[in-house]
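Asks: No sequence on hand, only this structure:
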């Protein structure tokens, strides 16, 4: 098997019954592989398990020129975006930021439609373990695949969304990330149809990926919400090696104007050594032959693998929100530019020191989680996201006069971080 191999696409694009109907052969492969590998995975002690810290990261990327992006956007060779400047009262400096969609500051804020390309990654590890999103989570009480749960979640299916006491959904509901952005700029968009609709392009693409040498699999005893005690398998891959595999998988599937959504089940990343675990999501951008492609990665994880709340779509609510507000990852690292920078902030969420970028999930990682019930009745775990005013220390323009989507932040980030 090659490192990345594309499977025949599913039919139906997300219907639970159609997913199950197309997965008979895949199910046999996955179940057999996991059964054979049960003795090979490393079973973690409670102390070792506590050392697995869920976090989010970035990857270095090739330099992206802002003038090139402007030209590409005019001819549909990257995702649609808008740019603005703000002067922060905390330091008097003027900052430029770029976000997905159309400007909420326009005289008549309007809706943007972006195609997303669903990519379902079935990952084969050296010990024989296959972590397969076309199968149910070990804690799911229904015969519904991880991929089904994910693509039928509020990230992609519209539902009623309330932010800080305000219903921010349109008459037909709102996808979660669009609802966040409406709440973020509520002072400008209330009463309008503003939003960013993600529309599925074609059938889900199943890709088989061989994890490189050095990847590991952990066996983790967990107790499911139902009370059942089961063993969950968690795979870990070096992030740079993993990102290379991701880019190889998505390149033939998505145009630069589209968003590849790369779903993995219980697969996380580490930096250099497995002990430096666990990155549960990231987003990035890469120059391609005909434009600039943005993409989003996350791990759909079983409940109990990590602390409460770090399960199912939690990582994805973080990364999709960051893709929305910092799509080209233009922060202070290799490949970045002086765009989407902010006055330094920190000592909150996953940031122990200081950070100076517009990554709206990082300051709230692990602070709290919020259950959201999908249309299928499944209860999903989601993260709060900071509003742009929190970073720039500008007056609150979001819902309820708050500084985050779910109201965890009632004030801005305060003095410049030291």
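Replies: Yep, that arrived. Not measured: the values here are computed from a predicted model.
Asks: show me the residues around residue 348 that make contact.
Replies: Residue 348 sits next to 363, 364, 367, 413 when contact means C-beta atoms under 8 Å, 6 or more residues apart in numbering. Where C-beta positions appear, they are placed from N, C-alpha and C, glycine not excepted.
Asks: from what I can see, the last one looks like it's in a strand, true?
Replies: Read it as residue 413. No. Assessed by DSSP: H, G, I helix; E, B strand; the rest coil, residue 413 does not belong to a strand; its assignment is coil.
Asks: Would you check that it makes contact with residue 360?
Replies: No. Judged on C-beta atoms under 8 Å, residue 413 makes no contact with residue 360 at a distance of 11.5 Å.
Asks: which neighbours do those two share?
Replies: Shared contacts of residue 413 and residue 360, defined by C-beta under 8 Å, 6+ apart, comprise residue 391.
Asks: if we take the contacts of residue 348, which one ends up nearest to residue 134?
Replies: Using C-beta to C-beta, residue 364 is the member of the contacts of residue 348 that sits closest to residue 134, with 31.3 Å.
Asks: Look up how far residue 269 lies from that closest one.
Replies: 21 Å (C-beta to C-beta, to the nearest Å).
Asks: So which residues of the stretch 151-300 of the chain form strands?
Replies: Per DSSP state E, counting those that start in this stretch, the stretch 151-300 of the chain carries strands over the ranges 162-163, 166-167, 195-200, 205-210, 216-223, 229-238, 259-265, 267-270, 277-288, 291-300.
Asks: Figure out which of those is closest to residue 376.
Replies: The closest of these to residue 376 is strand 291-300. By C-beta to C-beta, the value is 14.8 Å.
Asks: quick check: angle from that closest one to strand 229-238?
Replies: With axes from the mean of the first three to the mean of the last three C-alpha atoms, to 10 degrees applied, the angle from strand 291-300 to strand 229-238 works out at 150 degrees.
Asks: Okay, now the sheet partners of strand 291-300, with direction.
Replies: Counting by DSSP bridges, the strands paired with strand 291-300 are strand 259-265 (parallel), strand 277-288 (antiparallel).
Asks: can I get these in CSV with mean neighbour count, mean pLDDT and distance to residue 204?
Replies: Conversion of the strands paired with strand 291-300 to CSV gives the following (neighbours: other C-beta atoms under 10 Å; pLDDT from 0 to 100; distance: least, C-beta to C-beta, whole Å):
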stretch, mean neighbour count, mean pLDDT, distance to residue 204
strand 259-265, 26, 97, 9
strand 277-288, 23, 94, 19
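Asks: For those, give me CSV that also has distance to residue 52.
Replies: Shown next, in CSV, are the strands paired with strand 291-300 (distance: least, C-beta to C-beta, whole Å):
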stretch, distance to residue 52
strand 259-265, 16
strand 277-288, 5
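Asks: do you know which of those strands lies nearest residue 65?
Replies: strand 277-288 (8.9 Å).
Asks: Hey, what's the angle from the closest one to strand 216-223? Just curious.
Replies: Using the same axes, to 10 degrees, one finds that strand 277-288 and strand 216-223 are set 120 degrees apart in direction.
Asks: quick one: strand 277-288 to chain centroid distance?
Replies: 9 Å (C-alpha atoms, centre = their mean, to the nearest Å).
Asks: What of stretch 141-161?
Replies: Taking the mean of its C-alpha atoms, stretch 141-161 sits 14 Å from the chain's own mean (C-alpha atoms, centre = their mean).
Asks: Spell out the secondary structure type for residue 391.
Replies: With three-state DSSP as the basis, residue 391 sits in helix.
Asks: That one: how many residues sit nearby?
Replies: 30 (other C-beta atoms under 10 Å).
Asks: if I read this right, it contacts residue 362, doesn't it?
Replies: No. Using C-beta under 8 Å, residue 391 makes no contact with residue 362, being 10.5 Å away.
Asks: Which parts of the stretch 51-200 of the chain are helices?
Replies: 66-74, 146-151, 176-184, 186-189 (DSSP state H, counting those that start in this stretch).
Asks: can you tell which of these is closest to residue 214?
Replies: That would be helix 146-151 among the helices of the stretch 51-200 of the chain, by C-beta to C-beta, at 24.9 Å.
Asks: So which residues make contact with that closest one?
Replies: With contacts defined as C-beta under 8 Å, 6+ apart, helix 146-151 is touched by 14, 16, 19-20, 118, 120, 132-137, 140, 200, 204, 263, 265, 300, 312-313, 316, 376, 378.
Asks: Now it: average pLDDT?
Replies: Summarised as a single mean, pLDDT over helix 146-151 is 97.
Asks: now stretch 293-309
Replies: Throughout stretch 293-309, pLDDT has a mean value of 95.
Asks: Would you mind listing the buried residues in it?
Replies: 293-306, 309 (16 or more other C-beta atoms under 10 Å).
Asks: Pick out the most distant pair among those.
Replies: 293 and 304 (34.8 Å).
Asks: how far away is residue 398 from residue 368?
Replies: Residue 398 is 17 Å from residue 368, by C-beta to C-beta.
Asks: Give me the sheet partners of the strand ranked longest in the chain and which way each runs.
Replies: Longest strand in the chain by number of residues (criterion: DSSP state E): strand 111-124. Partner strands and pairing direction for strand 111-124 (DSSP bridges) are strand 130-131 (antiparallel), strand 195-200 (parallel), strand 205-210 (parallel), strand 259-265 (parallel).
Asks: For residue 220, find the nearest of those.
Replies: strand 130-131 (12.6 Å).
Asks: Span of stretch 359-374 from start to end?
Replies: Across its full length, stretch 359-374 reaches 26 Å end to end, with C-alpha to C-alpha, to the nearest Å as the criterion.
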